[in-house]
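**Student:** Here you go, sequence then predicted model.
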Amino acid sequence: MGSGESKTGVLDEAWRTFDWRQKEVLKERLEKFTLSNPDVTNIKILVAGQTGEGKSSFINSVLSVFQGEIVNEAIADTSESPTSYSFTTRRRTYRIRSADADLPFELCDIKGLEPEKISKSQIDDIVNTIYGHVKEGYKFEEKSLTSDDEHYNQNPSLSDQAFCLVYVIDACTIHLAAVDKIITEKLKLIRRTISDNGIPQVIVMSKVDEAGPLVKNDLKMVYRSKIIKERMEMCSATVGVPVSYIFPVKNYHFEIDTNDDVDVLILKALDQIVRSADARLRRGASNE
Ligand SMILES: Nc1nc2c(ncn2[C@@H]2O[C@H](COP(=O)(O)OP(=O)(O)OP(=O)(O)O)[C@@H](O)[C@H]2O)c(=O)[nH]1
Ligand SMILES: [Mg+2]
């Protein structure tokens, strides 16, 4: 999936200031984070995006950073060839835990958006999940969840609702998505539906290691790679999220040990996600 990055693809200076030594500071800050609303025990973050882009792998990567070892709780697709069908089919929530504390954050994994269909049901299901109407374990079907279904939560609490929507977008295919009207349309529809409620949106740009040899060989080159910069700008223009809310990551997917450079990029993304979510939580229910 490489994209032919040449020597000229290296920028002289990093275009985003990034301290690669901030891992412990970020980790500690997140471990000590207290939510601004004392009635809420945990803040939910919905991880959405097209199928196969790395949603489950991102959740596993976050869990791995805090465990200090590779965990595979959100089962990611391990098959060689990508499919247009989502590997994850049910709604599952994962609590972030570190050695001595349960963090007040939960990441919610759902079925991926399937590229060829522009069914309204997928959009409705995502919006319903944000508003807390979709119960844990629900299996996403062709048809969207209706209010008479046993998996429909009529009275979601603040802890059931999501206060940040994270889109996982693959750095290797965003240039294709930018011209793919169906995907762009879907993301715009979701955005339009939830924007009135002020739900923050953060983009995690995954698979930066696959976008070109520069970053594959050295993850620290991520902010000096012309391709990554262009892809992030493309992401911003396509989805309509400012570049400052886009975070490049490399997920753990085959490793047997964690690594500080991978960890720090994941932590930086999570830090922005939880701070945005908490700021939104302060303003009350998401479906008002
Ligand atoms: N090289 C590389 N591969 C990745 C990365 N993240 C995920 N992958 C691979 O991409 C594939 C899909 O990852 P998943 O995490 O299952 O994707 P998903 O978005 O949960 O997919 P669905 O559940 O099907 O919607 C797997 O084979 C992963 O190993 C990454 O950052 N770099
Ligand atoms: Mg998945």
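**Tutor:** Looks like it came in fine. Residues are numbered from 1 along each chain as shown. Ligands and ions are numbered 1, 2, ... in the order given.

**Student:** What separates the first and last residues of stretch 135-149, distance-wise?
**Tutor:** Using CA to CA, to the nearest Å, one end of stretch 135-149 lies 10 Å from the other.

**Student:** Could you tell me how far that stretch lies from the centre of the chain?
**Tutor:** Here stretch 135-149 is found 22 Å from its chain centre; the criterion is CA atoms, centre = their mean, to the nearest Å.

**Student:** Just confirm E230 is within a strand.
**Tutor:** No. Secondary structure assignment (DSSP: H, G, I helix; E, B strand; the rest coil) places E230 in helix, not in a strand.

**Student:** what residues are up against E106?
**Tutor:** Contacts for E106 were tallied using CB atoms under 8 Å, 6 or more residues apart in numbering; they are N42, I43, K44, I45, T93, Y94, R95, I96. Every residue, glycine included, has its C-beta placed from N, CA and C.

**Student:** Swap in 7 Å and give it another go.
**Tutor:** Contact analysis of E106 by CB atoms under 7 Å, 6 or more residues apart in numbering lists N42, K44, I45, T93, Y94, R95.

**Student:** Helix, strand or coil: sort out it for me.
**Tutor:** Classification of E106 using three-state DSSP returns strand.

**Student:** out of everything not next to it in sequence, what's closest to whichever residue of the stretch 101-250 of the chain sits closest to ligand 1?
**Tutor:** The nearest approach of the stretch 101-250 of the chain to ligand 1 comes at G112, 2.4 Å away (CB to the nearest ligand atom). The shortest distance from G112 to any non-neighbouring residue, by CB to CB, 6 or more residues apart in numbering, is to T51 (3.1 Å).

**Student:** Likewise for Q154?
**Tutor:** Of all residues not flanking Q154 in the chain, S147 sits nearest, at 7.0 Å (CB to CB, 6+ apart).

**Student:** any idea how far the one you found is from E106?
**Tutor:** 24 Å (CB to CB, to the nearest Å).

**Student:** what does R231 give?
**Tutor:** 29 Å.

**Student:** One more: K186?
**Tutor:** Counting by CB to CB, the gap from K186 to E106 is 24 Å.

**Student:** do the same with H175
**Tutor:** Note on H175: its distance to E106, by CB to CB, is 33 Å.

**Student:** what's the answer for I203, then?
**Tutor:** Counting by CB to CB, the gap from I203 to E106 is 20 Å.

**Student:** where are the low-confidence patches of this structure?
**Tutor:** In the predicted model of the chain, residues 1-8, 80-84, 116-119, 177-180, 286-288 satisfy pLDDT under 70.

**Student:** Give the buried residues for the strand or helix carrying L26.
**Tutor:** For L26, the element it lies in under DSSP states H and E is helix 23-31. Within helix 23-31, the residues that qualify as buried are K23, L26, K27, L30, counting by 16 or more other CB atoms under 10 Å.

**Student:** Next secondary structure element downstream of that helix?
**Tutor:** Following helix 23-31 toward the C-terminus (DSSP H and E): strand 43-48.

**Student:** need the next SSE after that following strand, C-terminal direction.
**Tutor:** Downstream of strand 43-48 (by DSSP H and E), the next one is helix 55-67.

**Student:** How about the contacts made by K250?
**Tutor:** Per CB under 7 Å, 6+ apart, neighbours of K250: V208, D209, L219, V262, L265.

**Student:** So which of those residues belong to helices?
**Tutor:** Using DSSP state H, the members of the contacts of K250 that fall in helices are V262, L265.

**Student:** Show me which residues of the stretch 151-288 of the chain sit near ligand 1.
**Tutor:** Neighbours of ligand 1 within the stretch 151-288 of the chain, by CB under 6 Å from any ligand atom: V168, S206, K207, D209, E210, K250, N251, H253.

**Student:** Can you name the two of the residues you listed that sit furthest apart?
**Tutor:** V168 and D209 (14.6 Å; CB to CB).

**Student:** more crowded one of the two?
**Tutor:** Neighbour count, other CB atoms under 10 Å: between V168 and D209, V168 has more, with 24 against 21.

**Student:** quick check: angle from the helix holding L26 to helix 55-67?
**Tutor:** 100 degrees (axes from the mean of the first three to the mean of the last three CA atoms, to 10 degrees).

**Student:** list the helices and strands helix 23-31 packs on?
**Tutor:** Other elements packing on helix 23-31 under the criterion 3 or more CB pairs under 7 Å, 6 or more residues apart in numbering; DSSP states H and E are helix 260-281.

**Student:** make it 8 Å
**Tutor:** helix 55-67, strand 102-109, helix 260-281 (3 or more CB pairs under 8 Å, 6 or more residues apart in numbering; DSSP states H and E).

**Student:** Many thanks, I have nothing further to ask.
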